[in-house]
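Visitor: With the sequence up front, the predicted model follows.
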Amino acid sequence: MKPITDTQRITQEAAECRSEVCGLLGWDEMDYFDFQLESGLAYLAHYLQATWAVDAVKGNRVFWNWWKGHWIARDKDFLIYSQGNLLDRAALREFYSYTHDGRELSRCIRPTSIVLNDSYAVMMQDLIDTTIQSNV
């Protein structure tokens with residue numbers, strides 16, 4: 001039997017975590033992934049504060065891997081909090097939404113330079129192109 005790789009272990013851990021969260025919230029995986037995407041885009045909009053910058057970063061695989069890593073960490077905290085907690089499903093959903101809100105998270109977590117590096121050249125080129133077009 002082959003040993004499990006770190007990537008496989010992390011993927012399995014994320015799937016188990018997602019399954020528990022979905023069970024607590026009464027969501028299916030589509031609800032979960034939709035919320036994760038919407039929150040990530042809200043994060044970018046509030047962190048970068050420029051549509052052209054969001055457009056440059058939102059297709060970046062490195063950003064989304066970074067975002068998912070933070071997401072899983074918040075999911076784990078949520079699962080610990082929800083153990084033995086007497087909140088009903090509606091209250092759990094509200095708490096989960098708050099702890100995963102992209103706008104709120106833009107105030108407290110910052111991507112490393114590695115996350116934005118790939119997008120930096122695209123952002124700068126877009127800015128230059130926009131500036132040139134507005135001056136023509």
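Guide: Ah, there it is.

Visitor: Who are the packing partners of the helix or strand of the chain with the lowest mean pLDDT?
Guide: Each helix and strand of the chain was given a mean pLDDT (mean pLDDT, DSSP states H and E); the minimum falls on helix 113-135 at a mean of 74. If contacts are counted by 3 or more Cβ pairs under 8 Å, 6 or more residues apart in numbering; DSSP states H and E, helix 113-135 sits against helix 51-57, helix 61-82. Backbone N, C-alpha and C define where each C-beta goes, glycine included.

Visitor: What is the distance between stretch 85-92 and the centre of its chain?
Guide: The chain centre lies 23 Å from the centre of stretch 85-92; the measure is Cα atoms, centre = their mean, to the nearest Å.

Visitor: CA atoms only: put stretch 20-31 into PDB for me.
Guide: C-alpha atoms of stretch 20-31 as PDB (Å, rounded to 0.1, in the frame of the first residue of the first chain):
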ATOM      1  CA  GLU A  20     -19.400  18.100   8.600                       C
ATOM      2  CA  VAL A  21     -20.000  21.800   8.000                       C
ATOM      3  CA  CYS A  22     -22.600  21.000   5.300                       C
ATOM      4  CA  GLY A  23     -24.400  18.700   7.700                       C
ATOM      5  CA  LEU A  24     -24.500  21.300  10.500                       C
ATOM      6  CA  LEU A  25     -25.800  24.000   8.100                       C
ATOM      7  CA  GLY A  26     -28.100  21.900   6.100                       C
ATOM      8  CA  TRP A  27     -26.200  22.700   2.900                       C
ATOM      9  CA  ASP A  28     -25.200  20.600  -0.100                       C
ATOM     10  CA  GLU A  29     -21.800  20.900  -1.600                       C
ATOM     11  CA  MET A  30     -23.000  23.400  -4.200                       C
ATOM     12  CA  ASP A  31     -24.300  25.700  -1.500                       C
END
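
Visitor: one step back: how far off centre is the least confident helix or strand of the chain?
Guide: Using Cα atoms, centre = their mean, the offset of helix 113-135 from its chain centre is 22 Å.
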